[in-house]
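Colleague: I would like the atomic coordinates for the input below:
(one chain, ligands or ions: 2)
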Amino acid sequence: MITNLRDARIAIIGAGSMSEALIRGLIRHNIALPHMVFVMNQSNQDRLQELHRRYRVAIPAVEADKAGMIREAHILVLAMKPKDIANSLANIKPLLNPKQLIISVVAGVKIQTIEALLERSLPIVRSMPNTSATIGLGATGISFSSQVSEQQKEIASDIFESIGVVTTVDEAELDIVTGLSGSGPAYVYYLMEALVKAGMNGGLSQEAATALTMQTLIGAANMVKETGESPDVLRHKVTSPGGTTNAAIEVLNQYQFSEGIQHAIARATERSKEMGEEIVKSMNLK
Ligand SMILES: NC(=O)C1=CN([C@@H]2O[C@H](COP(=O)(O)OP(=O)(O)OC[C@H]3O[C@@H](n4cnc5c(N)ncnc54)[C@H](O)[C@@H]3O)[C@@H](O)[C@H]2O)C=CC1
Ligand SMILES: O=C(O)[C@@H]1CCC=N1
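Modeller: Ligands and ions are numbered 1, 2, ... in the order given. So this is what the prediction gives:
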């Protein structure tokens, strides 16, 4: 039984952007030792070499090494795309043992589905982090299967706390967490793209528009964090009667900015549910 995360062998299945965000967070924050983190993917050896060069994590030298890495891991992180989870779990199923803790970051896929694919009940943590984990500023929603012990809950929470903030939620709430904070960084980048475009349309250089946009977002987010005031109160402090901000907000309201964001997140939430259902349907067909 593992009591200290630094003694745990962590096998990460999937080597994409979420996997790298986790790896970078764990290694740079000294939560896990590079030689205790084993990363594997479907076939792209160049990508594994790249992760090894960047973070010194262990990678399989040949295909056959993967089985040993999985078998000997204390913690297994599922970081493949939802469409690949059934195939991947079919391959690793014979290698698992009941002492291992499984942590999934896969969007939409329920604990129950993972158990059905593995054909047994194992301790499973279902999580929804986001890519800001890369710099230790992730926001993760987390929930646990009934098999997860208190100590395993702490280990899983420690992993995600090392790369940001963690909120424990009921599993059913992970779809809205996915829509809000899992996909959330993309909405913020989209807003930034629009702000930079607007600055450039007004005559600023791309560098100046980007620098002003970035600091505006960082400043506004930190104002909420450090003053403890609500976004609504802070927005009203910027908005002088008859002034420029008020004029801008009137236009945003004409375009139903707030409703648009709310509909977008509702749709992402619904899509998370659909992705989970698609996996279940494909299992029934087999
Ligand atoms: N990108 C994001 O912002 C977030 C992604 N997620 C979830 O994380 C998971 C991974 O997402 P990304 O990193 O963006 O995807 P990606 O497409 O960048 O990476 C997926 C990785 O899985 C590997 N893979 C596929 N089938 C495999 C198999 N059978 N065995 C071993 N490896 C296999 C691929 O080779 C690839 O390295 C997804 O399930 C996604 O829903 C969760 C939170 C945020
Ligand atoms: O777009 C996706 O499906 C994943 C889940 C949350 C962020 N990216």
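
Colleague: How about whatever residue of the stretch 151-286 of the chain ends up closest to ligand 2, nearest residue that isn't a chain neighbour?
Modeller: Checking the stretch 151-286 of the chain residue by residue against ligand 2 with Cβ to the nearest ligand atom singles out Gly182 as nearest, at 3.4 Å. C-betas here are computed from N, CA, C, even on glycine. In space, and not counting its chain neighbours, Gly182 is closest to Met128: 4.5 Å by Cβ to Cβ, 6 or more residues apart in numbering.

Colleague: okay but the one you found is in contact with Ala107, surely?
Modeller: Yes - using Cβ atoms under 8 Å, Met128 makes contact with Ala107 at a distance of 6.8 Å.

Colleague: any shared contact partners between the two?
Modeller: The contact sets of Met128 and Ala107 overlap at Thr178, Gly182 (Cβ atoms under 8 Å, 6 or more residues apart in numbering).

Colleague: Look at the two and report which has more neighbours.
Modeller: Ranked by neighbour count (other Cβ atoms under 10 Å), Met128 and Ala107 place Met128 first, with 29 against 21.

Colleague: And Ser19, how far from Leu217?
Modeller: Using Cβ to Cβ, to the nearest Å, Ser19 is found at 26 Å from Leu217.

Colleague: Can you pick out the residue with more neighbours from these two?
Modeller: Using other Cβ under 10 Å, the more surrounded residue of Ser19 and Leu217 is Ser19, with 23 against 15.

Colleague: does that one sit in a helix, a strand or a coil?
Modeller: Recorded secondary structure, Ser19: helix (DSSP: H, G, I helix; E, B strand; the rest coil).

Colleague: what sits against it?
Modeller: Applying Cβ under 8 Å, 6+ apart, we find Ser19 in contact with Ile12, Val39, Leu51, Val77, Ala79.

Colleague: Chain neighbours aside, what residue packs nearest to Ser146?
Modeller: Leaving aside its chain neighbours, Ser146 sits nearest to Ser121 (7.8 Å; criterion: Cβ to Cβ, 6+ apart).

Colleague: residues contacting that neighbour?
Modeller: With Cβ under 8 Å, 6+ apart, Ser121 has these contacts: Glu115, Ser145, Ser146, Gln147.

Colleague: Those residues: which two are farthest apart?
Modeller: Farthest pair in those (Cβ to Cβ) is Glu115 and Ser146. Separation: 10.3 Å.

Colleague: Those two: which is more packed in?
Modeller: Between Glu115 and Ser146, counted using other Cβ under 10 Å, the more crowded position is Glu115 (16 against 8).

Colleague: Show me what counts as buried in stretch 153-164.
Modeller: Of all the residues in stretch 153-164, those buried under the rule 16 or more other Cβ atoms under 10 Å are Lys153, Ile155, Ala156, Ser157, Ile159, Phe160, Glu161, Ser162, Ile163, Gly164.

Colleague: Narrow those to those in strands?
Modeller: Judged by DSSP state E, these include Gly164 as members of strands.

Colleague: Please go through the buried residues of stretch 153-164 and note which also touch ligand 1.
Modeller: When Cβ under 6 Å from any ligand atom is applied, no member of the buried residues of stretch 153-164 is adjacent to ligand 1.

Colleague: Can you lay out the buried residues of stretch 153-164 as JSON lines showing pLDDT and distance to Asp46?
Modeller: Shown next, in JSON lines, are those (pLDDT from 0 to 100; distance: Cβ to Cβ, whole Å):
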{"residue": "Lys153", "pLDDT": "96", "distance to Asp46": "37"}
{"residue": "Ile155", "pLDDT": "93", "distance to Asp46": "32"}
{"residue": "Ala156", "pLDDT": "95", "distance to Asp46": "31"}
{"residue": "Ser157", "pLDDT": "95", "distance to Asp46": "34"}
{"residue": "Ile159", "pLDDT": "93", "distance to Asp46": "27"}
{"residue": "Phe160", "pLDDT": "95", "distance to Asp46": "29"}
{"residue": "Glu161", "pLDDT": "93", "distance to Asp46": "32"}
{"residue": "Ser162", "pLDDT": "87", "distance to Asp46": "28"}
{"residue": "Ile163", "pLDDT": "91", "distance to Asp46": "25"}
{"residue": "Gly164", "pLDDT": "95", "distance to Asp46": "29"}
